[in-house]
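# below is the sequence, then the predicted model.
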Amino acid sequence: MAIINKIEHKHETTITLGNVISIGQFGQITEKATPGLYDVIKLEHNWNNEKCGSAYLFVHESVDMDVQTILQSIDYIDHAHIADDGYGLFSTTDDSFEALDAAWTTAPADGTGVVADTSSVTFDVYTNKEHTAFLLDADSIYFHSLLWPQWTQMEDQQNIAEHLRGWGIQNDRVMVSYYGKNDEFQLEEATVSSGHRTIDVIIETMLATIEQLAVMN
């Protein structure tokens with residue numbers, strides 16, 4: 001039976017963003033944005049007819065693309081931590097702690113940001129080169145939609161998962177850590193070269209590591 005692997009979407013609201021936005025409570029990440037109206041779109045990952053998490057996509061009014069094409073145009077830039085009040089983004093003109101705290105609280109009612117609930121403790125952040133689309137992904141659904149089609153075909157998934165530690169980025173280097181033979185700590189590394197998306201290199205490096213672990217086990 002064919003695998004169902006869809007990113008479904010629903011328009012939630014419209015907000016106004018300025019040319020600088022803060023992402024996460026207390027402005028953990030600051031990014032440039034194209035000023036204007038943004039559609040707020042809730043994404044859900046449909047994996048074999050099960051809902052496997054959600055994310056929020058923010059799209060500038062000038063972008064004339066469907067959701068899937070937008071997702072193909074964005075790239076991973078960072079991750080942020082989630083406090084008790086959820087996760088989101090908002091316009092900001094003042095980076096003082098007091099101003100950021102106030103903006104986080106008032107932005108949803110003012111139509112200058114969104115704060116969403118989640119049980120996750122971190123979220124992934126993506127944008128495009130034009131800074132007209134932003135993806136905040138607390139459940140890593142975009143990452144999973146790219147990885148799972150190959151990952152779920154592997155045998156002995158539980159044992160492989162127990163050996164995987166995680167992944168990270170330093171400059172243009174992607175690193176996936178795992179425990180190899182005799183439980184020795186190992187790193188699989190790859191360089192993000194010009195013209196390639198960081199998220200694609202992350203997925204490729206994850207799959208290369210998984211294949212090594214599958215052979216080892």
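Thanks, I have the structure now. Numbering: from 1, shown residues only.
# what sits closest to Q28 if chain neighbours are left out?
Spatial nearest neighbour of Q28, excluding adjacent residues (Cβ to Cβ, 6 or more residues apart in numbering): A80 at 4.3 Å. C-beta: built from backbone N, CA, C; applies to glycine.
# and whichever strand or helix holds that neighbour, what does it pack against?
Element membership for A80 (DSSP states H and E) is strand 75-81. When contacts are defined as 3 or more Cβ pairs under 8 Å, 6 or more residues apart in numbering; DSSP states H and E, strand 75-81 sits against strand 29-32, strand 122-127, helix 198-216.
# and that strand, average pLDDT?
Throughout strand 75-81, pLDDT has a mean value of 95.
# name the helices or strands packed onto the next helix or strand after it?
Using DSSP H and E, the helix or strand that follows strand 75-81 towards the C-terminus is strand 87-91. Judged by 3+ Cβ pairs under 8 Å, 6+ apart, strand 87-91 is in contact with strand 5-17, strand 20-23, helix 97-110, strand 113-116, strand 133-137.
# hmm, who's touching stretch 79-95?
Stretch 79-95 has contacts (Cβ atoms under 8 Å, 6 or more residues apart in numbering) with 16-18, 20-30, 33, 56, 58, 99-100, 103-104, 107-108, 112-118, 120-125, 134, 136, 138.
# export the helices and strands packed on strand 75-81 to TSV and append columns for mean pLDDT.
Shown next, in TSV, are the helices and strands packed on strand 75-81 (pLDDT from 0 to 100):
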stretch	mean pLDDT
strand 29-32	96
strand 122-127	97
helix 198-216	90
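# now render those as a markdown table, adding mean neighbour count.
Shown next, in a markdown table, are the helices and strands packed on strand 75-81 (neighbours: other Cβ atoms under 10 Å):
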| stretch | mean neighbour count |
| --- | --- |
| strand 29-32 | 14 |
| strand 122-127 | 21 |
| helix 198-216 | 17 |
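# contacts for the lowest-mean-pLDDT helix or strand in the chain, please.
Lowest mean confidence among the helices and strands of the chain (mean pLDDT, DSSP states H and E): helix 157-163, at a mean of 84. Here helix 157-163 makes contact (Cβ under 8 Å, 6+ apart) with W151, M154, Y178, Y179, G180, I210, L213, A214, N217.
# quick check: closest non-adjacent residue to the most centrally placed residue in the chain.
Most central in the chain under Cα atoms, centre = their mean is D124, positioned 3.2 Å from the mean C-alpha point. Nearest non-adjacent residue to D124, counting by Cβ to Cβ, 6+ apart: D137, 4.3 Å away.
# got a list of what the one you found touches?
Contacts for D137 (Cβ under 8 Å, 6+ apart) come out as A55, Y56, F123, D124, V125, Y126, F143.
# next one, pLDDT for it please.
For D137, pLDDT reads 98.
# same check on M1?
M1 is given a pLDDT of 64.
# where's the residue lying farthest from the centre of the chain relative to H163, distance?
For the chain, the C-alpha farthest from the mean C-alpha position belongs to N182; by Cα atoms, centre = their mean, that distance is 33.3 Å. From N182 across to H163, the span is 12 Å (Cβ to Cβ, to the nearest Å).
# just to revisit the earlier point, secondary structure class for the residue farthest from the centre of the chain?
Put simply, N182 is helix when judged by DSSP: H, G, I helix; E, B strand; the rest coil.
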